[in-house]
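Engineer: Next comes the sequence, and after it the predicted model I'd like to discuss.
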Protein chains: 2
Amino acid sequence: MSDLDIIDIEAIVRNEPKGGKRELRLWLRLLSTSNLIASQIRRNLRDKFDVTLPRFDLMAQLYREQDGLRLSELSKRMMVSNGNVTGLVERLVQEGLVLREVDPEDRRAFIVRLSKSGMTKFAAYAKENERFILALFQSIDPATIDALMGNLERLKKSARENAAG
Amino acid sequence: MSDLDIIDIEAIVRNEPKGGKRELRLWLRLLSTSNLIASQIRRNLRDKFDVTLPRFDLMAQLYREQDGLRLSELSKRMMVSNGNVTGLVERLVQEGLVLREVDPEDRRAFIVRLSKSGMTKFAAYAKENERFILALFQSIDPATIDALMGNLERLKKSARENAAG
DNA sequence: TTTATATATTTTAAGTTTGAAATAATTGAA
DNA sequence: TTCAATTATTTCAAACTTAAAATATATAAA
């Protein structure tokens, strides 16, 4: 057995890139891209409006549904836990940006929506945020954007369908 | 002024998809894809090994650099804050998975690396994790993976270059 | 040497996040 | 009606995360 056996010959034969399988590398790249952009967006929102990204995200959901949403629907759309949404809403209500009312149809449930002031403030947040994201992505051409949109959707679909593992 | 003016005609003329500009929608899709996959991976690691994703990620970095890394280098590679790494390492040292030694070259710095036991355990984590990710991505063909790899890299580059906003 | 500046890490406070257990209300079957 | 199962939310403990301030050491210029 020569020293060369230290190298994983089989991996080379299988035509696998250094650093693991293609799928693994794709996941790492997806994560690092998403983290990089998220942290830039977070910093910008913080610097310009002193608002955190989770609060912005929650308000974005409510801005889209001006009649309000149940907490459970909100947590589903934001893809975070119920307990998480409870806390976020609590702080936003405290600040007067969000209203929380009992659902007349179901006394277990609450419906939350943006207050007048939340509406106004979010509109400003969103405008600046959109400007910022356009600036971040300015070197990307439309075809690349479309390709990414389609392929990310495929990826999401695959992950959802094979969730059992 | 007719009722039709309620619709944002300009947006339609500018050929913008419903829900905002393409760039904005791309960011939302990137984020939700990444979140979905991250939460599936998190659950799997938790169920199988009772290990959290941040700990797994940290150990992955150290597994790749078996001679160890400085805390600052670790936080740079993980793209998280220094204080964050301090706490994670603390807990991993507590559990005997990671060793933390003063850098002989610089008394301000520490070098952390996997312990023997950390090495063994991580190897098992990584094997299962790879299997799981391959399963999640099983419906994705190689060409799509390559396209995503390239386009995500472009996106990251654009975001880095235009970080000023 | 002295001192200013930079670097490596820790500490702290506030906030975010999860998963599990608890509470409360609804629904549907017997 | 009654009761079991389901659903909506909250509470809780533990962990993660950030940004800013503090600490300690290193480096280099005067």
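Structural biologist: Nice, thanks for sending it over.
Engineer: counting residues per strand, which one in chain A is longest?
Structural biologist: strand A:106-114 (DSSP state E).
Engineer: quick check, that one touching DNA strand C?
Structural biologist: Yes. Interface with DNA strand C: strand A:106-114 contributes A:106-108 (C-beta under 7 Å from any atom of the strand). For glycine as for every other residue, the C-beta is placed from the backbone atoms N, C-alpha and C.
Engineer: which of those residues tops the neighbour count?
Structural biologist: A:Asp106 (10 neighbours; other C-beta atoms under 10 Å in any protein chain shown).
Engineer: Relative to DNA strand D, how far out is it?
Structural biologist: Noted for A:Asp106: a distance of 6 Å to DNA strand D, by C-beta to the nearest atom of the strand, to the nearest Å.
Engineer: all helices of chain A, in order?
Structural biologist: Applying DSSP state H to chain A gives helices spanning A:9-13, A:22-49, A:53-64, A:71-78, A:82-94, A:116-136, A:142-161.
Engineer: can you give me the mean pLDDT across the shortest one?
Structural biologist: Model confidence over helix A:9-13, given as mean pLDDT, is 42.
Engineer: How about stretch A:119-135?
Structural biologist: 97.
Engineer: what about it, near chain B?
Structural biologist: Yes. Using C-beta under 8 Å from any C-beta of the partner chain, stretch A:119-135 reaches chain B at A:130-135.
Engineer: The helices of chain A into CSV, with extra columns for mean neighbour count?
Structural biologist: Output for the helices of chain A, formatted as CSV (neighbours: other C-beta atoms under 10 Å in any protein chain shown):
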stretch, mean neighbour count
helix A:9-13, 10
helix A:22-49, 18
helix A:53-64, 18
helix A:71-78, 18
helix A:82-94, 15
helix A:116-136, 16
helix A:142-161, 16
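Engineer: lowest-confidence stretch among those?
Structural biologist: Least confident of the helices of chain A, judged by mean pLDDT, is helix A:9-13 with a mean of 42.
Engineer: Might you enumerate the residues of chain A proximal to DNA strand D?
Structural biologist: A:39, A:42-43, A:46, A:70-73, A:82-83, A:85-87, A:89, A:103, A:106, A:108-111.
Engineer: on that earlier part again, next, format the helices of chain A as CSV and append distance to B:Glu161.
Structural biologist: Putting the helices of chain A into CSV (distance: least, C-beta to C-beta, whole Å) gives the following:
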stretch, distance to B:Glu161
helix A:9-13, 34
helix A:22-49, 12
helix A:53-64, 22
helix A:71-78, 30
helix A:82-94, 33
helix A:116-136, 9
helix A:142-161, 15
